[in-house]
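K.L.:
Structure for the following, please:
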Amino acid sequence: MGNSAKKVHFIAIGGSAMHNLAIALSRKGITVTGSDDEIFEPSKSRLNKQGILPATIGWDASRITADLDAVILGMHAREDNPELAKAKELNIPIFSYPEYLYEQSKDKTRVVIGGSHGKTTITAMILHVVNVLGLNVDYMVGAQLDGYDCMVKLSEDAPIMLLEGDEYLSSPIDRRPKFHLYRPNVAIISGIAWDHINVFPTFDNYVKQFDIFCSLIEPNGTLVYNTEDSEVKKLGEKYASSCTTVEYQTPNYRVVENGTLLSFEGKEYPLNIFGGHNLQNLMGAMKVGKAIGISADDFLTSMATFTGAGKRLQKVVESTDFVMYKDFAHSPSKLKATTKAVKEQYAERNVIACMELHTFSSLKKEFLPHYKDAMNAADLAVVYFSHEVVAHKKLAPITKEMVSEGFGGNVLVLTETEDVLAFIRAQNWSNGVLLMMSSGNFDGIDYDALGEELSSSL
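P.N.:
Sure, this is the predicted structure:
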């Protein structure tokens, strides 16, 4: 049904994934309309450029008409949304966006990238190689990548669909994790570290979602899995009898001044990326590539020009004595991997890492102990959180002392953006590295301006 649709309406069109799908369908020739109660940048400008920005903000049941072929419902909408009620009344097919992506790709080979961390990086690596080699692949990526004006591509002729498999819920009326809907022919799990604790209340419940994901791999499918993660390894071994399983782990490598020399099957490959976690992701991406017909040598050779996924260890500024990175890291495992990677790459430099507790999980006092020793690799570590954000998320208050104790006591905890900036400005950045980690922006820090300021002060 999805492939024959001519007219589609998006409820909550402004979401990061939703607006990309809306743009992709519009480019495919489908008439797209949408609504939302708030639309922020860059979604607003991008929808406007495509000519599908709603003329007015807010919900309006009159937008739902009997000639619609489908309604796509975003997570931002509520169950009592008036447009949703009207769509139900008119018996219009209602999809979550992962459901609709499956509809658009059910006749293709679906490659699904799953895992608590590394999904966007692995997806970006495969996309990079696909582009270097000139292969025709459809895709959906959950983050904005440099060089792309839309993170969803849908076509009639691409034989493969590459999907970043998020484990979060599909829609307000569909409580299944998104990656349960894609039914992969080729799947990868990069790692399992408890996340989204507002939805998955126990670690066992969270792990169960990945178990179900594996059970949904198509007959004669392939599961690529990271043997260095104990939970992932268990799943790889469990499903070895029902699908082809392919192991991967961190390769041998050498740190060099501008990146890494990776050793694989007797050959060294120069890379711009660095850090054991990144290289582990690369091995997973390479094994997925092999499953869709790309040789290991072609994959690793093509990776020579890959500089990283958007906001994942992204270099903000670099001068002779100073370098600054920004990273999306916010969960304990991501923090630990990112901080360790930067210190390993810049062993002779003073590494100062700053992270913001910003997500629902990270700001829950019960979750804070999971951060123990997560930033130990840094020479100096700062953790920031906002009391206002905690209150806005309707969570129990947390204190500086709770955060410090959760991290193991070896961090400076700050609760004002200006205090973070004052601390950073007070440091000696000669022969230094600044690492800013957050899924937000420390409530208003302009990374580019800060990097320029610190670099020019030396």
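
K.L.:
How many residues are close by Glu38?
P.N.:
Number of residues near Glu38 (other CB atoms under 10 Å) recorded here: 11. Where you see a C-beta, it was placed from the backbone N, CA and C, and this is true even at glycine.

K.L.:
my bad, Ile23
P.N.:
Count around Ile23 with other CB under 10 Å applied: 23.

K.L.:
got a list of what it touches?
P.N.:
Contact analysis of Ile23 by CB atoms under 8 Å, 6 or more residues apart in numbering lists Arg46, Leu47, Gln50, Ile52, Cys150, Val152.

K.L.:
okay, and for the stretch 351-458 of the chain, where does confidence drop off?
P.N.:
Low-confidence regions of the stretch 351-458 of the chain, defined here as pLDDT under 70, do not occur.

K.L.:
can you map out the strands along it?
P.N.:
Counting by DSSP state E, counting those that start in this stretch, the stretch 351-458 of the chain has strands at residues 380-384, 412-414, 432-437.

K.L.:
the domain parsing of this protein - what is it?
P.N.:
The chain breaks down into these domains under automatic domain parsing: 2-96, 108-305, 314-456.

K.L.:
Tyr102: which of those is closest?
P.N.:
Nearest to Tyr102 among these is domain 108-305 (5.4 Å), distances taken as CB to CB.

K.L.:
And that closest one, end to end?
P.N.:
Domain 108-305 has its terminal residues 28 Å apart, counting by CA to CA, to the nearest Å.

K.L.:
one step back: mean neighbour count, the strands of the stretch 351-458 of the chain: which tops it?
P.N.:
Mean neighbours per residue, mean count of other CB atoms under 10 Å, is largest over those for strand 432-437, with a mean of 24.

K.L.:
could I have that strand exported to PDB, CA atoms only?
P.N.:
Output of strand 432-437 as PDB, limited to C-alpha atoms (Å, rounded to 0.1, in the frame of the first residue of the first chain):
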ATOM      1  CA  GLY A 432      45.400  21.200  25.300                       C
ATOM      2  CA  VAL A 433      42.300  19.400  24.100                       C
ATOM      3  CA  LEU A 434      38.700  20.400  24.900                       C
ATOM      4  CA  LEU A 435      36.000  17.800  24.500                       C
ATOM      5  CA  MET A 436      32.400  18.900  24.800                       C
ATOM      6  CA  MET A 437      29.900  16.100  25.100                       C
END
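
K.L.:
which residues are contacting stretch 414-429?
P.N.:
So stretch 414-429 is in contact with 321-322, 350, 352, 354, 380, 382-387, 400, 412, 434, 442-445, 450, 453-454, 457-458, going by CB under 8 Å, 6+ apart.

K.L.:
surely Ser333 meets Ser116?
P.N.:
Yes - look at Ser333 against Ser116 with CB atoms under 8 Å: they come within range, at 6.8 Å.

K.L.:
where does the residue nearest to the spatial centre of the chain land on pLDDT?
P.N.:
Residue closest to the average C-alpha location in the chain (CA atoms, centre = their mean): Thr120, at 4.4 Å. The per-residue pLDDT reported for Thr120 equals 91.

K.L.:
As a check, name the ranges of all helices in this structure.
P.N.:
16-27, 43-50, 82-89, 97-105, 119-133, 203-215, 230-238, 276-291, 296-302, 332-345, 387-392, 400-406, 417-426, 447-456 (DSSP state H).

K.L.:
Which among those helices is found nearest to Asp37?
P.N.:
helix 82-89 (10.8 Å).

K.L.:
what packs against the closest one?
P.N.:
Judged by 3 or more CB pairs under 8 Å, 6 or more residues apart in numbering; DSSP states H and E, helix 82-89 is in contact with strand 7-11, strand 70-73, strand 94-96.

K.L.:
Please identify the deepest-packed of those.
P.N.:
Note that of those, strand 70-73 is the most buried (mean count of other CB under 10 Å), with a mean of 25.

K.L.:
as a whole number, average confidence for that strand?
P.N.:
Strand 70-73 comes out at a mean pLDDT of 98.

K.L.:
Which neighbouring elements make contact with it?
P.N.:
strand 7-11, helix 16-27, helix 82-89, strand 94-96, helix 97-105.

K.L.:
Output the strands of the stretch 351-458 of the chain as TSV; include the columns distance to Thr227.
P.N.:
Below are those laid out as TSV (distance: least, CB to CB, whole Å):
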stretch	distance to Thr227
strand 380-384	30
strand 412-414	36
strand 432-437	27
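
K.L.:
Nearest to Glu164, out of the ones you listed?
P.N.:
strand 432-437 (20.3 Å).

K.L.:
How about residues contacting that closest one?
P.N.:
316, 321-330, 334-335, 338-339, 342, 346, 349-356, 378, 424, 442, 445, 447, 451, 454.

K.L.:
which residues touch stretch 348-358?
P.N.:
Contacts for stretch 348-358 (CB under 8 Å, 6+ apart): 329-330, 335, 339, 342-343, 363, 375, 377-385, 389, 403, 420, 424, 427-428, 431-443.

K.L.:
tally of neighbours for Gln314?
P.N.:
For Gln314, using other CB under 10 Å, the count is 17.

K.L.:
which non-adjacent residue is nearest it?
P.N.:
In this structure, Gln314 finds its nearest non-sequential neighbour in Lys326, 5.4 Å apart by CB to CB, 6 or more residues apart in numbering.

K.L.:
cool, Gly118 as well?
P.N.:
Ser190 (3.8 Å).

K.L.:
Just list the residues touching the one you found, thanks.
P.N.:
113-119, 122, 226, 229, 232, 280-281, 284.

K.L.:
Give me the distance between the residue lying closest to Leu282 once chain neighbours are set aside and Met151.
P.N.:
Taking CB to CB, 6+ apart as the measure, Leu282 lies nearest to Met125, with 6.1 Å between them; neighbours along the chain are not counted. Met125 sits 15 Å away from Met151, going by CB to CB, to the nearest Å.

K.L.:
Name the residue in those two with the higher neighbour count.
P.N.:
The neighbour count for Met125 versus Met151, taken as other CB under 10 Å, is higher for Met125 (27 against 24).

K.L.:
pLDDT wise, what is the more buried one at?
P.N.:
Confidence score, pLDDT, at Met125: 97.

K.L.:
For this protein, give me the ranges with low pLDDT.
P.N.:
For the chain (pLDDT under 70), the answer is 1-4.

K.L.:
Could you say which one of the strands of the stretch 351-458 of the chain comes nearest to Ser241?
P.N.:
Of all the strands of the stretch 351-458 of the chain, strand 432-437 comes closest under CB to CB, at 40.1 Å.
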